[in-house]
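>>> Sequence first, then the predicted structure:
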Amino acid sequence: MSSAAQRRTPLLVVTAGSGLALGLTGPLVPVLAVDLGATAFGAGAAVAALQVPVVVLGLLGSRWTPRLPLRRTVTASLALCAAGAALAALAAYPALVAGRALQGVGVGLLTGAAGYALTSRGGRAGGGAGFGSFQSAWFAGIAAGPVAALAVAVPGGDLVTATFTAAAAVATAAAVLAAAAVRGERAPHRPRLGLPERRGPRPSRRLLLLSGAGQATRSGLAVTVVPLVGVGDGLGTGTLLLALTALGVADVLAMLAASRLPARLDRRLAMALSCAWGVVCVGLIGLGSTTPAFVLGCAALGATVGSTWVLPAALVLDSAQHLETAFGWYRIACDTGLLLGALAAGLLALAGPAAALAWWSAPLVATGVLALAVPRRPTPHTPTPAVHLVPRTAPRTAGTTPEEALP
């Protein structure tokens, strides 16, 4: 195994462990918030609480987090995730929100440090596939979370305490592994607070907006509205966890497929088709009055959720001239989308989960149209040798150089 692979493997393992710690509770957060007495908007706010510190770290830490010592940063991020889960296990709505916010600090550090380390190829651009491996490892853990939650949930017991306690244990184990096994290269630049440096052109506004819209689909539709719809349909905890597991598995498979999409294919069109498929899935979930229909609809929706995350990332990172700049702006855009998507879902759910589900077709259609409006990836410019710039009509003699023949 190469030295690069030896550095990547422990990082992927602890990333999956972090995903499992979040997946044990994340898909159930809106349901748990309602059980603790929150309104539908309060459920969306509980989901969004994790994203607020992530957005702040994205805005202020784009030149800071990726340059910190990798092992210490990843270990600290997992320790914060464990502490946040332990706080949320107190089974009170304020503690749930505060614990989620503390977990958000850990997630922001992990995404900035581990995500950049797995994406970077010695600081060069072209990291779409590398970021896909980070996302796939993280969401493989998240996809396994609902099954693990079903295993630790004691019939008749407190689901909040059981799942968050298990999440704290998993995050603690991942932190110990990170402290022992994660290795990273020394950052060439000193950490600084602030927005990403302008070492290269910033990704286009349309592309950044597309990245945020794709993430809003995840936090608003898949993480907030769909679980509330399941509860509104009278599904039990076991059935709901089964449906969310199916969504998570399809999500990870879609990430793997989308991150390996050949460059010759139009990722913009793939994004638009994925959004169109999402509209179909929303109809299937909304019309399905039986448990199999709901589970099937969630599994089908996973293809849209995974694609709408990975495809914009590939468009941003594979065409970047300076990876740190592009990665920083991408993180800001997608984290803002995650935050706003959860809050928007909470507002829509005030009219009922079923209505919120139906209304979410409009953002999906708008995201698909926006994907088609994003400019194609520019072809790298190769300077033409001066000899080819000599006009055919220019007077030349045997002693005339190409430069002398230029007008």
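Done, it's in.
>>> pLDDT weak spots in this structure?
1-7, 120-132, 154-157, 185-200, 263, 288-289, 318-324, 377-407 (pLDDT under 70).
>>> in it, which residue is closest to the centre?
residue 309 (5.8 Å; C-alpha atoms, centre = their mean).
>>> I'd like to know which elements the helix or strand harbouring it is packed against.
Using DSSP states H and E, residue 309 sits within helix 291-318. Contacts defined by 3 or more C-beta pairs under 8 Å, 6 or more residues apart in numbering; DSSP states H and E place helix 291-318 against helix 128-152, helix 205-216, helix 226-232, helix 237-259, helix 267-287, helix 323-349, helix 361-373. From N, CA and C alone the C-beta is placed, and that goes for glycine too.
>>> 6 Å instead, please
helix 128-152, helix 205-216, helix 237-259, helix 267-287, helix 323-349 (3 or more C-beta pairs under 6 Å, 6 or more residues apart in numbering; DSSP states H and E).
>>> buried ones in it?
291, 294-318 (16 or more other C-beta atoms under 10 Å).
>>> again with stretch 60-80
In stretch 60-80, counting by 16+ other C-beta under 10 Å, buried: 61-68, 70-71, 73-80.
>>> swap in stretch 221-238?
221-231, 233, 235, 237.
>>> Go through these and name the one nearest residue 159.
residue 237 (6.6 Å; C-beta to C-beta).
>>> can you tell me how far that closest one sits from residue 32?
Going from residue 237 to residue 32 by C-beta to C-beta, to the nearest Å gives 10 Å.
>>> picking up where we left off before, once you drop chain neighbours, what's closest to the residue nearest to the centre of the chain?
Spatial nearest neighbour of residue 309, excluding adjacent residues (C-beta to C-beta, 6 or more residues apart in numbering): residue 214 at 5.6 Å.
>>> ok, how many other residues are close to residue 147?
Residue 147: 17 surrounding residues under other C-beta atoms under 10 Å.
>>> Confirm for me that it is in contact with residue 245.
Yes. Assessed by C-beta atoms under 6 Å, residue 147 is found in contact with residue 245 at 5.3 Å.
>>> got the contact list for residue 41?
Going by C-beta atoms under 6 Å, 6 or more residues apart in numbering, residue 41 touches 346, 350.
>>> What strand or helix carries it?
Using DSSP H and E, residue 41 falls in helix 40-49.
>>> do the same with residue 160
helix 159-181.
>>> okay, the angle between that helix and helix 128-152?
If you take axes from the mean of the first three to the mean of the last three C-alpha atoms, to 10 degrees, helix 159-181 sits at 130 degrees to helix 128-152.
>>> contacts for helix 159-181?
10, 14, 17-18, 20-21, 24-25, 32, 74-75, 78-79, 81-82, 85-86, 88-89, 91, 149, 152-154.
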